[in-house]
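Enquirer: below are the sequence and a predicted model; questions follow.
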Amino acid sequence: MNTITSKKVVIFDDDEDILSICSYILEEQGWEVHTFTDCNHITEKVAGVGPDVILMDNWIPDSGGIVATQLLKKEDSLKDIPVVYFSANSDIQLLASQAGAETYLAKPFDLEDLERVINDVMVKS
């Protein structure tokens, strides 16, 4: 399997357990993981990391995942970074579409789903 050196992911979620689990799994896969519990100053946070992919929770403080994702997609320097929208909301597909995310992952998810969705979005980008 080809591994890209220094793959970076940013995770926005206000649930510390989710951040912890996702970080552990992705770090085991060779990712450099950056986590945030809110989306204040989101463009600065993302630009500062320069991630290859972003995981965005729907219920992230303060503006929420839809607005946060839309802000990222309006920035020329950030708009091409794939966003994986994730939520326990039953309308996850619609929410991801409204946000402008490339794909989505419904919570709860198993770890294989997390890896598959991130790998799929990386292949497409």
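Expert: Cool, the structure landed. Residues are numbered from 1 along each chain as shown.

Enquirer: need the three-state assignment for the residue nearest the centre of the chain.
Expert: Centroid check for the chain by CA atoms, centre = their mean gives Leu55 as the closest residue, at 1.0 Å. Following DSSP: H, G, I helix; E, B strand; the rest coil, we place Leu55 in the strand state.

Enquirer: my guess is it meets Val84, correct?
Expert: Yes - between Leu55 and Val84 there is a contact under CB atoms under 8 Å: 5.1 Å. For the C-beta atoms, the positions are set from N, CA and C on the backbone; glycine is no exception.

Enquirer: common neighbours of these two, please.
Expert: Common neighbours of Leu55 and Val84, counting by CB atoms under 8 Å, 6 or more residues apart in numbering, are 105, 118.

Enquirer: returning to what we had before: which ones are touching the residue nearest to the centre of the chain?
Expert: Applying CB under 8 Å, 6+ apart, one finds that Leu55 lies in contact with 9-13, 22, 83-84, 86, 105, 118.

Enquirer: where does this protein dip in pLDDT?
Expert: For the chain, applying pLDDT under 70 flags the ranges 1-5.

Enquirer: which ones among the contacts of Leu55 lie within helices?
Expert: When helices are assigned by DSSP state H, the members of the contacts of Leu55 inside them are 22, 118.

Enquirer: wait, which of the contacts of Leu55 is closest to Gly65?
Expert: Nearest to Gly65, judged by CB to CB, of the contacts of Leu55 is Phe12 at 7.2 Å.

Enquirer: beta partners for that closest one?
Expert: Each beta-bridge partner of Phe12 is listed here: Phe36, Met56, as defined by DSSP bridges.

Enquirer: so who does it touch?
Expert: Counting by CB under 8 Å, 6+ apart, Phe12 has contacts 35-39, 42, 54-57, 60, 65, 68.

Enquirer: still on that earlier bit, which residue packs closest to the residue nearest to the centre of the chain, ignoring adjacent ones?
Expert: Among residues not flanking Leu55 along the chain, Ile11 sits closest, at 4.4 Å (CB to CB, 6 or more residues apart in numbering).
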